[in-house]
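> my questions are about this predicted structure, shown below with the sequence.
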Amino acid sequence: MYYALPDAAWTLRFDEEALSTVLRHVQRGLWSKESVGQLYTYDLTGHEIVVARATVLTPTRASWAKVRFDTAGAMRERALLFAQGLHCLGLWHTHPEARPIPSGEDRALAREHAIAARAQLTGLVFAILGTANLPSGFRVWVDDRQVLREALPTRAP
């Protein structure tokens, strides 16, 4: 799957392994809790940024419509995967709605992490998996520390 910002010179591609990891966590019922994880790439410099790995973080709290994670644990994961050549691009999580929309808390989380990553990234990828089929059930945004903008599904460049 490919995503692009209307004025960006790059596209974002989710490879099969990363997308498969995220899709295993779609919420299918009231008993299902939200999941969260991080997105990684090997190369931040190309015209096509490939999300090569998606991880699943252990939540500190999870319910049908909310998930929290340990940021120190997320940082440890980033350091471990960086030693393997992977760069953290951002975060993903699930929502119990068909076509997900970031909540106020989601927007604050994306902004907080985008600001924290300003030395490494010009924008933080923030993806939400809903319950609808692809592509409408998987939406992607980029937070550039000022605006959270939706990256739209697109064809391969």
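Everything's here; your move.
> after the lowest-mean-pLDDT helix or strand in the chain, next one along is what?
The weakest-scoring helix or strand in the chain, judged by mean pLDDT, DSSP states H and E, is helix 104-116 (a mean of 91). Remark: after helix 104-116, the chain's next helix or strand is strand 124-129, criterion DSSP states H and E.
> please enumerate the strands of the chain.
Counting by DSSP state E, the chain has strands at residues 2-4, 11-14, 36-41, 48-51, 53-54, 59-63, 66-69, 87-94, 124-129, 138-143, 148-154.
> those: which one's closest to residue 29?
strand 87-94 (12.4 Å; CB to CB). For glycine as for every other residue, the C-beta is placed from the backbone atoms N, C-alpha and C.
> got the angle for the closest one vs helix 104-116?
Angle between the axes of strand 87-94 and helix 104-116 is 180 degrees (criterion: axes from the mean of the first three to the mean of the last three CA atoms, to 10 degrees).
> let's have the strands of the chain in a markdown table, adding distance to residue 116, mean neighbour count and mean pLDDT.
A markdown table is the format used below for the strands of the chain (distance: least, CB to CB, whole Å; neighbours: other CB atoms under 10 Å; pLDDT from 0 to 100):
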| stretch | distance to residue 116 | mean neighbour count | mean pLDDT |
| --- | --- | --- | --- |
| strand 2-4 | 22 | 20 | 95 |
| strand 11-14 | 20 | 22 | 96 |
| strand 36-41 | 13 | 24 | 98 |
| strand 48-51 | 19 | 19 | 96 |
| strand 53-54 | 20 | 22 | 98 |
| strand 59-63 | 18 | 14 | 95 |
| strand 66-69 | 14 | 17 | 94 |
| strand 87-94 | 11 | 24 | 96 |
| strand 124-129 | 9 | 26 | 96 |
| strand 138-143 | 11 | 24 | 96 |
| strand 148-154 | 15 | 16 | 94 |
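> for those, which one sits closest to residue 118?
strand 124-129 (9.3 Å).
> who touches the closest one?
Defining contact as CB atoms under 8 Å, 6 or more residues apart in numbering, one finds that strand 124-129 is touched by 12, 22-23, 25-26, 39, 51, 89-95, 100-102, 106, 109-110, 113-114, 117, 137-143, 148, 151.
> among the strands of the chain, which is nearest residue 81?
For residue 81, the closest of the strands of the chain is strand 36-41, at 5.7 Å, according to CB to CB.
> who's in contact with that closest one?
18, 21-22, 25, 49-57, 59, 67, 69, 74, 77-78, 81, 86-94, 125, 127.
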